[in-house]
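**Student:** Sharing a model that was predicted from the sequence below.
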Amino acid sequence: MPEDNDKILPKDFDSDYSLPGRFEEDNSEYFDAESVKSKPKNREILVIAVVFVIVSTGFFSYYFMNQNEIDSQIIQNAIKVDPEKKLVNQYGVGKYGSDHSHAAIAVFVDGEKLNFDMPQFQLSSKYIHLENHNPYLIHKHATGVPLEMLFASFGMKITSDCIILSYDKSTDIKTGRFCTGQDQSLVFYVNGEEYYSDISQYVLEHNDRILVSFGDAESISEHLAYLESLRILDIPKKTIPYSGNDISF
């Protein structure tokens, strides 16, 4: 006989299933139904989470492993844009044929005049160029065209302090970066007057004479005299088409 203090749990067959909730607690079908309902949802969430982690890990692994290649492709796509088209849009250049002006230009680097007679400098831009092997006569064929478009077509950049030349080294033209220093200066002249603004932004007019000189300032007068000696051709006048009847004899 058990002592009075010992508590004996009722056996399963002694349970009173008439009490509320008792039948459901002991009914295996009740628990199985709930577990069947919850498992698919949990499994679906787990699958989605695993797939997300795999995809994310794969993407970022690919990007970081190939970052240099991807960045290089982005740069190459940007470079493919036509530089002249970018400048045309930047400066609001007019339509081709909206203007026709002639001007003379001379560029000196350390006393040496750059020779633009070579083929790579002829007809290098649609809107502003040199032609017919003339090394100094600029032809401008649209309104709003700055000198920067001519310089860019040459592979040349001019700032307030530097001339940057990036021609083919096989030519006999100087290449490199030439910037103002203690004994060298970079000056610009338009029609005999020193020009203090950015020369690359200058929009020339017919009969202009433009000097870019880097080096010894004492040579400026000589360079200006040379520039003044150059002949600027007149613009051919357009022949007005005859609109009347032909005369017969």
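**Tutor:** Yep, it's here. A quick note: this is a predicted structure, and the numbers were derived from the prediction, not measured. Numbers count the residues shown, from 1 in each chain.
**Student:** Residue 122 is in contact with residue 130, correct?
**Tutor:** Yes: using CB atoms under 8 Å, residue 130 is in contact with residue 122, at 5.6 Å. All C-beta atoms are positioned from the backbone trio N, CA, C, and that covers glycine.
**Student:** anything in contact with each of these two?
**Tutor:** residue 116 (CB atoms under 8 Å, 6 or more residues apart in numbering).
**Student:** Those two: which has the busier surroundings?
**Tutor:** residue 130 (22 against 15; other CB atoms under 10 Å).
**Student:** what's the distance between that one and residue 124?
**Tutor:** 8 Å (CB to CB, to the nearest Å).
**Student:** if I read this right, residue 164 contacts residue 152, doesn't it?
**Tutor:** No: the pair residue 164 / residue 152 is not scored as a contact, 11.0 Å apart, by CB under 8 Å.
**Student:** what about these two, which has more around it?
**Tutor:** residue 152 (19 against 15).
**Student:** Need the pLDDT of residue 87.
**Tutor:** We have a pLDDT of 87 for residue 87.
**Student:** Same question for the one 4 residues further on.
**Tutor:** Note for residue 91: predicted pLDDT of 88.
**Student:** quick one, phi/psi of it?
**Tutor:** phi -100, psi 0 (degrees, to the nearest 10).
**Student:** so who does it touch?
**Tutor:** 144-146, 149.
**Student:** go with 6 Å
**Tutor:** Residue 91 sits next to 144, 146 when contact means CB atoms under 6 Å, 6 or more residues apart in numbering.
**Student:** Quickly note the distance from it to residue 224.
**Tutor:** Applying CB to CB, one obtains 28 Å for the distance of residue 91 from residue 224.
**Student:** ditto for residue 214
**Tutor:** Counting by CB to CB, the separation of residue 214 from residue 224 is 15 Å.
**Student:** neighbour-wise, which of these two wins?
**Tutor:** Taking other CB under 10 Å, residue 214 and residue 224 do not tie; residue 214 has more neighbours (21 against 16).
**Student:** Looks to me like the more buried one is in a strand.
**Tutor:** Yes: remark: residue 214 belongs to a strand, assigned using DSSP: H, G, I helix; E, B strand; the rest coil.
**Student:** ok, it - contacts?
**Tutor:** 109, 163, 178, 186 are the contacts of residue 214 under CB under 6 Å, 6+ apart.
**Student:** What values do phi and psi take at residue 121?
**Tutor:** According to degrees, to the nearest 10, residue 121 has phi -100, psi 0.
**Student:** residues touching it, list them.
**Tutor:** Counting by CB under 6 Å, 6+ apart, residue 121 has contacts 130, 154.
**Student:** For stretch 220-228, buried residues please.
**Tutor:** 220, 223-224, 227 (16 or more other CB atoms under 10 Å).
**Student:** Can you pick out the most distant pair from the residues you listed?
**Tutor:** Greatest spatial distance among the buried residues of stretch 220-228 (CB to CB): 220 and 227, at 10.4 Å.
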